[in-house]
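Q: With the sequence up front, the predicted model follows.
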Amino acid sequence: MTIHATPILAEAERLAADGKLEMAAQHVMGHLRTHPGDPRALALLGTIAMQLGALVQAEQFLRQAIARGASGFDVRRHLASILNQQERIDEAAALFEQLARETGDPTLSGMRALALDKLGRNDEAMEIHARLAAEHPGRPPYWIAYGHALRAAGRVPDAIDAYRHAIAADDEIGEAWWGLASIKQKVLTDADIAAMRAALKIAIDVRNTAPLHFALGRALHDREAYEEAFGHYAEGNRQRAESIGYDARELTAEVTEVERHVDADFVAALEREAVGDATPIFIVSLPRSGSTLLEQMLGSHPQIEPVGELPYIPAILRSAMELATRRGKATVPQVIASLPAQVAAAMGQDYLRRASLHRKTDRPFFVDKLPHNWSNILFIKRILPQAKFVDIRRPALDCCFSNFTQSFSTAHASSFALKDIGQCYVDYVRLMAHLDGIAPGLVHHIAYDRLIEDAESQLRPALTYLGLDWDPAVLQFHTLDRVVRTPSSEQVRRPLNRDGVDIWKPYAQWLAPLRETLGALADG
């Protein structure tokens, strides 16, 4: 968006282009003091706020600009992007559809398809993915998105074909190689390994090189070349860590804040009447802990509907924190404690409305299995008093090493270093222990290693905690026909097995940093 209406706005645009966003915002606000309601200035301020990550403010400014006549394509596309980042997926999908119709831009159709994927409207999304891949065969992202959708639907051979189409168009495309490598079969050939080695010699973009290293690591693991495999896992993680600057101390400080300031009285004060009619079950864990398996099992019960990983709790909390910190610094426990009952109830209703977009039944319970909600339990309890929490815990070395070998996005940034993922596990266990001490029974715990050995002994107490009767259907989980959008999508379509047990052992000699961080937990 180019603005030359006034020298001040032109200067603000130049500052924003140079990355001086705070200074640019000050220029625009100065202009608005003398020209209140100027739609061009409001649109620019909304764009700057979006770049700063102030999504609530960005939306407000852009909507004001549109109401005053600034309804151009760029303004509405920025609004669609903000809605998408806020996980207001249905609104974003509708706006992407409108913009795609106006312009014919396939990128916007692709964004709509990804939004529909998130919403569980899989047939609609699949149709768009297939069309974009057919119409643009030389553009790997469309084949990759199509491959991901096919794999989630259980169509693994078709997914492999889609990933290979992407590689044929660009053999440096790391995400496609990782798509193949992450399938729970030995898909990659010796020729593939040679091709990946060649690609790494010329690829320069970390978005390609990092997943290429992970894919090579997985292929070499399958050939029991463990030392070289570990080297590729380590390099892929190093590149990811270097690009984002994750600081494990922040999570440690958050858990310490809860230990210091959250007691039994704090939790008791969260109790209120239920919000809405449905009871959400939050499976809370670290990634790669068996949450998809547990969801599949619980979701086989006739009273429970599995709906996957819903992004809404973190999004609602993020908006609450943005509003609270406008007045100064605030911690999450402080924000939770200060939420008026009416506001908390409105947030709970907002969550249930968004969750309902994914529901296909009227069962009284549904499962949201977003792993990182383990750190959001208190916020969830505040806005959804009837919520249930089931923690599934995988032994530390298996869990942490599995994270280290997975080509995760920045959403799982703790996995990029052995010490960091170890510290994340330690902090997770600390928080669970604290909650157990001040609010016994708030969270029900399941041990992954016991679940795969004797599922009934773990599931009966879990169903009792939920107030539900035993049903043997939960043991036939692998027959449940549904789309599964996690790295475990193939595993949960098979009977129980021990494939994920002791996966760290071939790499034991290189795991000293992880063992040191875990301490006694490494032996648990």
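A: All right, it came through fine. Numbers count the residues shown, from 1 in each chain.

Q: For the rest of this, base every contact and every neighbour count on C-alpha atoms.
A: Fine.

Q: Could you report the distance from Ala341 to Leu323?
A: Between Ala341 and Leu323 the distance is 16 Å, computed by C-alpha to C-alpha, to the nearest Å.

Q: you'd agree Ala115 is up against Ala93?
A: Yes: in terms of C-alpha atoms under 8 Å, Ala115 counts as a neighbour of Ala93; the distance is 5.6 Å.

Q: Show me what secondary structure element comes after whichever strand or helix holds Leu212.
A: In this structure, Leu212 sits in helix 206-222 according to DSSP states H and E. Next helix or strand after helix 206-222 toward the C-terminus (DSSP H and E): helix 226-244.

Q: Which strands or helices does whichever helix or strand comes after that following helix pack on?
A: Of the helices and strands lying after helix 226-244 in sequence (DSSP H and E), the nearest is helix 248-261. For helix 248-261, the packing partners by 3 or more C-alpha pairs under 8 Å, 6 or more residues apart in numbering; DSSP states H and E come out as helix 332-338, helix 418-438.

Q: what angle do helix 248-261 and helix 418-438 make?
A: Orientation check (axes from the mean of the first three to the mean of the last three C-alpha atoms, to 10 degrees): helix 248-261 against helix 418-438 gives 10 degrees.

Q: List of residues touching helix 248-261?
A: For helix 248-261, the surrounding residues in contact (C-alpha atoms under 8 Å, 6 or more residues apart in numbering) are 333, 414, 420, 423-424, 427, 430-431, 434.

Q: Taking the residues you listed together, which two end up most distant?
A: Farthest pair in those (C-alpha to C-alpha) is Pro333 and Asp420. Separation: 23.6 Å.

Q: From the neighbour counts alone, determine which of those two ranks first.
A: A count of neighbours by other C-alpha atoms under 10 Å puts Asp420 above the other of Pro333 and Asp420, at 22 against 16.

Q: And the more buried one, how far from Tyr246?
A: Separation of Asp420 from Tyr246 (C-alpha to C-alpha): 9 Å.

Q: which residues do these two both contact?
A: Shared contacts of Asp420 and Tyr246, counting by C-alpha under 8 Å, 6+ apart, come down to Ser414.

Q: which SSE is His444 in?
A: strand 443-447.

Q: Neighbouring strands of that strand in the sheet, and parallel or not?
A: Strand 443-447 sits in its sheet next to strand 388-393 (parallel), going by DSSP bridges.

Q: Give me the angle between the helix or strand that the partner strand is followed by and helix 418-438.
A: Reading on from strand 388-393 to the C-terminus, the next helix or strand found by DSSP H and E is helix 396-404. Interaxial angle of helix 396-404 relative to helix 418-438 (the same axes, to 10 degrees): 130 degrees.

Q: pLDDT of helix 396-404, averaged?
A: Average pLDDT, helix 396-404: 96.

Q: so what does it touch, helix or strand wise?
A: Helix 396-404 packs on helix 418-438, helix 512-518, going by 3+ C-alpha pairs under 8 Å, 6+ apart.

Q: can you list those helices in TSV and add distance to Ser285 and mean pLDDT?
A: As requested, the helices and strands packed on helix 396-404 are arranged in TSV below (distance: least, C-alpha to C-alpha, whole Å; pLDDT from 0 to 100):
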stretch	distance to Ser285	mean pLDDT
helix 418-438	8	98
helix 512-518	16	98
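
Q: Deepest-packed of those helices, please.
A: Ranked by average neighbour count under the criterion mean count of other C-alpha atoms under 10 Å, the helices and strands packed on helix 396-404 are headed by helix 418-438 at a mean of 20.

Q: Can you list the buried residues in the host helix or strand of Gln342?
A: Assessed by DSSP H and E, Gln342 sits inside helix 341-356. Buried residues in helix 341-356, counted by 16 or more other C-alpha atoms under 10 Å: 344-345, 347-352, 354-356.

Q: just stretch 95-105 next, same as before
A: Residues of stretch 95-105 classed as buried: 95-100 (neighbour count, 16+ other C-alpha under 10 Å).

Q: for Ser109, what are its contacts?
A: Counting by C-alpha under 8 Å, 6+ apart, Ser109 touches 96-97, 100, 128.

Q: Go again with 7 Å.
A: When contacts are counted by C-alpha atoms under 7 Å, 6 or more residues apart in numbering, Ser109 touches 96-97, 100.

Q: likewise Ala203?
A: Per C-alpha under 7 Å, 6+ apart, neighbours of Ala203: 172, 209.

Q: quick one: the nearest residue to His129 once chain neighbours are set aside from Ala210, how far?
A: Spatially, and ignoring its direct neighbours in sequence, His129 is nearest to Tyr146 (5.0 Å; C-alpha to C-alpha, 6 or more residues apart in numbering). According to C-alpha to C-alpha, Tyr146 stands 21 Å off from Ala210.

Q: Give me the most central residue, this structure.
A: The residue lying closest to the centre of the chain (C-alpha atoms, centre = their mean) is Ala411, at 5.7 Å.

Q: Correct me if wrong, but that one is in a helix.
A: Yes: counting by DSSP: H, G, I helix; E, B strand; the rest coil, Ala411 is located in a helix.

Q: Against His232, how distant is it?
A: From Ala411 to His232 the distance is 21 Å (C-alpha to C-alpha).
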